[in-house]
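Visitor: everything below, folded, please.
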Amino acid sequence: GMDVVATASNGLDAINVLATAKIDVLVLDLEMPRLDGLSALPDILNATSAAVLVVSALTTQGAQSTIEALRLGAADTLTKPNMVPGGKDSRGFGELLVEKVRALVSNRAHPRMIEAVSARVRPLAVPLDFRGPLDVIAIAASTGGPSAMFELFANLDPFDDVPILVTQHL
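Guide: This is a model prediction of the structure:
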């Protein structure tokens, strides 16, 4: 149920391929010659409306490259297995890869509905009025969380001596 419509061996070639290829999901490695995946990601996202799934040995849970890829706009990440091809774990990886690609396609399957909802639902800035000392700030996020949190923290006034707890489901 899937077609590979184009391939590229490095970030520069990927950007060039996107000028003519119509794709739904782009699978991107971070370790490539000439132009690595993180460096290419902003230009890739500017060249396509496809969801980008970063698949790399560098994208372990909580790794800086994982957070950076999500901050730049990747839709999801998946860590490459570290084993012999064809082994038990590589088959599990293949199933997970297919599952993630299908999920990204299905999330993009109804763009008119998404546009209609987006047109009706606008983010609302709510002023915070605290009536006493603030002991802790707790934030929880899921899909879209990393980019939303980067924006939140970039615009958040500093709180003196107030711990901030963050839970991010990746």
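
Visitor: quick check: mean pLDDT of stretch 92-104?
Guide: The average pLDDT within stretch 92-104 is 86.

Visitor: list the contacts of that stretch.
Guide: 1-2, 24-25, 27, 51, 53, 55, 75-76, 78, 80-81 (C-beta atoms under 8 Å, 6 or more residues apart in numbering). (Each C-beta comes from the backbone N, C-alpha and C, glycine too.)

Visitor: out of the residues you listed, which are buried?
Guide: 24-25, 27, 51, 53, 55, 75-76, 78, 80-81 (16 or more other C-beta atoms under 10 Å).

Visitor: reformat these as CSV; add distance to Asp36, pLDDT and secondary structure.
Guide: Formatted as CSV, these follow (distance: C-beta to C-beta, whole Å; pLDDT from 0 to 100; DSSP: H, G, I helix; E, B strand; the rest coil):
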residue, distance to Asp36, pLDDT, secondary structure
Asp24, 23, 90, coil
Val25, 20, 91, strand
Val27, 15, 92, strand
Ala51, 20, 89, strand
Leu53, 16, 91, strand
Val55, 14, 88, strand
Ala75, 19, 86, coil
Asp76, 19, 85, strand
Leu78, 17, 85, strand
Lys80, 15, 81, coil
Pro81, 20, 78, coil
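
Visitor: need the helix or strand of this structure with the lowest average pLDDT.
Guide: helix 111-120 (a mean of 49; mean pLDDT, DSSP states H and E).

Visitor: after that helix comes which helix or strand?
Guide: Later in the chain than helix 111-120, the nearest helix or strand by DSSP states H and E is strand 137-141.

Visitor: now the angle between strand 137-141 and the very next helix or strand once past that following strand, please.
Guide: Counting by DSSP H and E, the next helix or strand C-terminal to strand 137-141 is helix 145-155. Taking axes from the mean of the first three to the mean of the last three C-alpha atoms, to 10 degrees, helix 145-155 and strand 137-141 form an angle of 150 degrees between their directions.
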